[in-house]
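Chemist: Take this sequence and fold it.
(chains A and B)
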Amino acid sequence: MCGFSNLVLRKLELKNPKLSLLESCTTLSHLKIIHAHLIRAHTIFDVFAASCLISISIDKNLLDYAAQVFYQIQNPNIFIYNSFIRGFSGSKDPDKSFHFYVQSKRNGLVPDNLTYPFLVKACTQNGSLDMGIQAHGQIIRHGFDNDVYVQNSLVTMYSTLGDIKSASYIFRRISCLDVVSWTSMVAGYIKSGDVTSARKLFDKMPEKNLVTWSVMISGYAKNSFFDKAIELYFLLQSEGVQANETVMVSVIASCAHLGALELGERAHDYILRNKMTVNLILGTALVDMYARCGSIDKAIWVFDQLPGRDALSWTTLIAGFAMHGYAKKALEYFSRMEKAGLTPREITFTAVLSACSHGGLVERGLELFESMKRDYRIEPRLEHYGCMVDLLGRAGRLAEAEKFVNEMPMKPNAPIWGALLGACRIHKNSEIAERAGKTLIELKPEHSGYYVLLSNIYARTNKWENVENIRQMMKERGVVKPPGYTLFEMDGKVHKFTIGDKTHPEIQQIERMWEEILGKIRLAGYTGNNDDALFDIDEEEKESNIHRHSEKLAIAYAIMRTKGHDPIRIVKNLRVCEDCHTATKLISKVYERELIVRDRNRFHHFKGGACSCMDYW
DNA sequence: GAAATAATCG
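Modeler: A predicted model of the protein is given here:
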């Protein structure tokens, strides 16, 4: 009996439905029971009853059912049309909102103030500025351009569709600004990439609610200002406001990117302590955080407790395994995912293919790539081709990799050539490197990394003239290297080290510590490999030498300030250089410490003088 | 008679 007592049903037969009754329906079958009883009571043709039923069905996203009821009604009123416009505004088919709007007008109905917020939302969802402008025209024609709800949705529409000028024009004209107006404008600035203006407005707001905070914090996170996101979260807490799940998603995601395990654990603790619901989105964010912070066991632990795992949460964990080079685990979870009845998505394949690549499972990777097309009917995209080039390249099958690039059905982009160039670096192949490097420099003349990579390969193969040519080319074009940095978290504080850093308050002790480390690893056989540093285009070339790489400073600091046998975790924004890699291996041996380094691409677990990447990265 | 606009996972 679907949870309804006979008493309730008898009551229903006697009179019109009360909203609360319908609201208590949780499934389609509940609704159908009520519906059947309404018909039996001869009330379904009452437009009011139908309105309630339709509106509730739409609330529960039962659009098809709502449509069924709709076709049983003779003269639908504007409330019903509004319900459909609302229902489709956030769906995959936002055009249908327009369809119902047009139909309502054709039936001689007059739109009201509740029609437009959703019609405008449909345009936002649809991504069509033209439609948005049409809707705006209708709004003016019907005299709703002073309704604050309508104005707020217009602000969102214009800013989402890239017209921040119109958005702020409308915002300035709102006579009774409310929290939503301000919040929408802040969100608008963030969408346009102008986080500074967003924050200025945020600070000026007369009142804020959790959505406002959430918009600003996620805005920082989306634009890669993860430390700012965390800072703002602390500010929120200091104001005594309790965060909610949405806010925590951005906080957790920021910890993930910063590799800040302690902070992430604290945030997780806060979530549990405050009895928040770890829904699928928050749960997936947690899985990602633990994986990216090098705590893969905890990632699995959270994953196992997720309510109703979807393809994305599985993929997140699989990508986590890939990052750590645990190819077998990634494949195991891939087949478990399928057994659980979930269809892998494009991005799932990106994760498993990169797992094969990092784990050196070449044949398995090739098989999967074929099966992706054959069995899953997924057309490989650029990212997948990138994984394949990486896979073949790492395995030393450079000629095949190059052939792969040249025979791709679409134009290879920079990351693809970059993967080929990276493989040439590992295998010291200057011939293919030259072709890849030249194409890359044409493709992305402003991107310093490719010049550097090509130059390093020339240096390694003793082609010094070419090294000089590239240096010259960069100078002429004014290309500069982005600053490399390394993060190290201690006691919930994230320390940032940059190359040749002089700004850290304890820099003198850190340098002394580094000298001590250097002495010890030299005894263990470290000679210092200068290949990667030979081409350094910084102005202060002599100072920012290889011994001042941010990574080494961070490690020195970590060894100085931590004791015991906990692993040292650090996060880099660039790839680990050859010399740092060698040095770190020796440090792990000499100091008997495990070092877990996350670089731009993957994790390196250094232990007892070896690295989990098997010197392949 | 009933209904709203702003935000979160790779």
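
Chemist: can you give me the helices for the stretch 501-617 of chain A?
Modeler: Assigned by DSSP state H, counting those that start in this stretch, the stretch 501-617 of chain A shows helices spanning A:507-523, A:550-561, A:578-590.

Chemist: Dump those to TSV, plus mean pLDDT and mean neighbour count.
Modeler: Glycine gets a C-beta too; all of them are placed from N, C-alpha and C. What follows is the helices of the stretch 501-617 of chain A, written out as TSV (pLDDT from 0 to 100; neighbours: other C-beta atoms under 10 Å):
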stretch	mean pLDDT	mean neighbour count
helix A:507-523	90	15
helix A:550-561	92	23
helix A:578-590	92	21
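
Chemist: of all those helices, which lies closest to A:H136?
Modeler: Closest to A:H136 of the helices of the stretch 501-617 of chain A, according to C-beta to C-beta: helix A:550-561, at 50.2 Å.

Chemist: ok, and what's touching that closest one?
Modeler: A:484-488, A:490, A:495, A:497-499, A:501, A:504, A:506, A:509-511, A:513-514, A:517, A:568, A:570, A:572, A:576-577, A:580, A:583-584, A:587, A:591, A:593, A:595, A:597 (C-beta atoms under 8 Å, 6 or more residues apart in numbering).

Chemist: Would you mind extracting the C-alpha trace of it into CSV?
Modeler: C-alpha atoms of helix A:550-561 as CSV (Å, rounded to 0.1, in the frame of the first residue of the first chain):
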residue,chain,number,x,y,z
SER,A,550,61.4,25.2,-4.4
GLU,A,551,61.1,21.5,-3.9
LYS,A,552,64.4,21.2,-2.2
LEU,A,553,63.7,24.2,0.1
ALA,A,554,60.4,22.6,1.0
ILE,A,555,62.0,19.2,1.7
ALA,A,556,64.7,20.9,3.8
TYR,A,557,62.0,22.7,5.8
ALA,A,558,59.9,19.6,6.3
ILE,A,559,62.9,17.6,7.5
MET,A,560,63.9,20.4,9.8
ARG,A,561,60.4,20.8,11.4
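
Chemist: any low-confidence regions in the stretch 401-550 of chain A?
Modeler: A:501, A:529-547 (pLDDT under 70).

Chemist: if we go to 90?
Modeler: Scanning the stretch 401-550 of chain A for pLDDT under 90 picks out A:404, A:414-415, A:418, A:422-430, A:433-434, A:436-485, A:491-496, A:498-508, A:511, A:525-550.

Chemist: OK, now which residue of it is nearest to DNA strand B?
Modeler: Nearest residue of the stretch 401-550 of chain A to DNA strand B: A:P415, at 14.3 Å (C-beta to the nearest atom of the strand).

Chemist: Please name every helix or strand in contact with the helix or strand hosting that residue.
Modeler: When elements are assigned from DSSP states H and E, A:P415 belongs to helix A:414-426. Under the contact definition 3 or more C-beta pairs under 8 Å, 6 or more residues apart in numbering; DSSP states H and E, helix A:414-426 sits against helix A:382-394, helix A:398-406, helix A:430-443, helix A:448-460.

Chemist: Out of the ones you listed, indicate the one that is most buried.
Modeler: Among the helices and strands packed on helix A:414-426, ranked by average contacts under mean count of other C-beta atoms under 10 Å, first place goes to helix A:382-394 (a mean of 24).

Chemist: and that one, does that touch DNA strand B?
Modeler: No: using C-beta under 7 Å from any atom of the strand, helix A:382-394 stays clear of DNA strand B, coming no nearer than 7.7 Å.

Chemist: could you give the angle of that helix to helix A:414-426?
Modeler: Helix A:382-394 runs at 10 degrees relative to helix A:414-426, counting by axes from the mean of the first three to the mean of the last three C-alpha atoms, to 10 degrees.

Chemist: distance of the residue in the stretch 451-600 of chain A that DNA strand B sits nearest to from A:L574?
Modeler: Closest residue of the stretch 451-600 of chain A to DNA strand B, C-beta to the nearest atom of the strand: A:R598 (13.1 Å). Distance from A:R598 to A:L574, counting by C-beta to C-beta, to the nearest Å: 11 Å.

Chemist: from what I can see the residue of the stretch 401-550 of chain A closest to DNA strand B touches A:G386, true?
Modeler: Yes: counting by C-beta atoms under 8 Å, A:P415 touches A:G386, with 5.3 Å between them.

Chemist: which ones are touching the nearest residue to A:D310 once chain neighbours are set aside?
Modeler: Nearest residue to A:D310 in three dimensions, chain neighbours excluded: A:L280, at 6.2 Å (C-beta to C-beta, 6 or more residues apart in numbering). If a contact means C-beta under 8 Å, 6+ apart, then A:L280 has A:306-310, A:313 as its contacts.

Chemist: go again using 7 Å as the cut-off
Modeler: By C-beta atoms under 7 Å, 6 or more residues apart in numbering, the residues touching A:L280 are A:306-308, A:310, A:313.
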